[in-house]
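test case, fold it:
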Amino acid sequence: LCAFDGANLIADAVCRCRFEETDRDLDEVVLMNLLDLTQSCLRSDVGVLLTDDAVWGLFEAAFRISGQARGSALLRTTAFNTLANMVLIVFGRTEDFLAMHPASQLRPPPPPPPPLSASASPSPAAP
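Numbers count the residues shown, from 1 in each chain. Coordinates of the predicted model:
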């Protein structure tokens, strides 16, 4: 098992985690731990090895928790903050991702050519 497989298996386990609801308070503790784990998967050194599907799954898991109507305001706020932190982590590690995947198509496009100067523009035809 290599780091790539391990990181993606952990992310997949977080995304697929389901449990029978028993005690609301204890259930929320489990969900808060899952939120913490979603961030840890992205923030860890092997976070750049996660597939796009794994990263998307982590976002979906956090989003699903943030929308739970039966959850407390604390749980929903924590999930919302987790989502915001995840966005910051992903975009803050863009350089790391590009270094790991040099052939990536995520490289920024080349800058546009400079605009034509006034002297280079064709002059209107004289009447």
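
flag the shaky bits of the chain, pLDDT-wise.
Residues of the chain meeting the criterion pLDDT under 70: 1, 101-109, 118-127.

that one: helices as residue ranges?
With DSSP state H, the ranges of helices along the chain come out as 3-16, 24-43, 52-66, 73-92, 94-100.

what's the spacing between the closest residue in space to V30 that isn't next to it in sequence and D27?
Nearest residue to V30, sequence neighbours excluded (CB to CB, 6 or more residues apart in numbering): F19, at 6.6 Å. For every residue, glycine as well, the C-beta is placed using N, CA and C. Computed as CB to CB, to the nearest Å, the F19 to D27 distance reads 8 Å.

higher neighbour count, these two?
D27 (17 against 9; other CB atoms under 10 Å).

give the contact list for that one.
Each residue near D27 by CB atoms under 8 Å, 6 or more residues apart in numbering is listed here: F19, E21.

what about F91, how many neighbours?
9.

got the contact list for it?
No contacts exist for F91 under CB under 8 Å, 6+ apart.

any idea how far it lies from A84?
From F91 across to A84, the span is 11 Å (CB to CB).

ditto for G47
17 Å.

so which of those two has more stuff around it?
The residue with more neighbours, out of G47 and A84, is G47; 21 against 11, by other CB under 10 Å.

how about that one, what does it touch?
With contact set as CB under 8 Å, 6+ apart, G47 has these partners: A7, C41, I89, R93.

state the distance from F91 to C15.
Applying CB to CB to F91 and C15 gives a distance of 21 Å.

try A73
Using CB to CB, one obtains 25 Å as the distance from A73 to C15.
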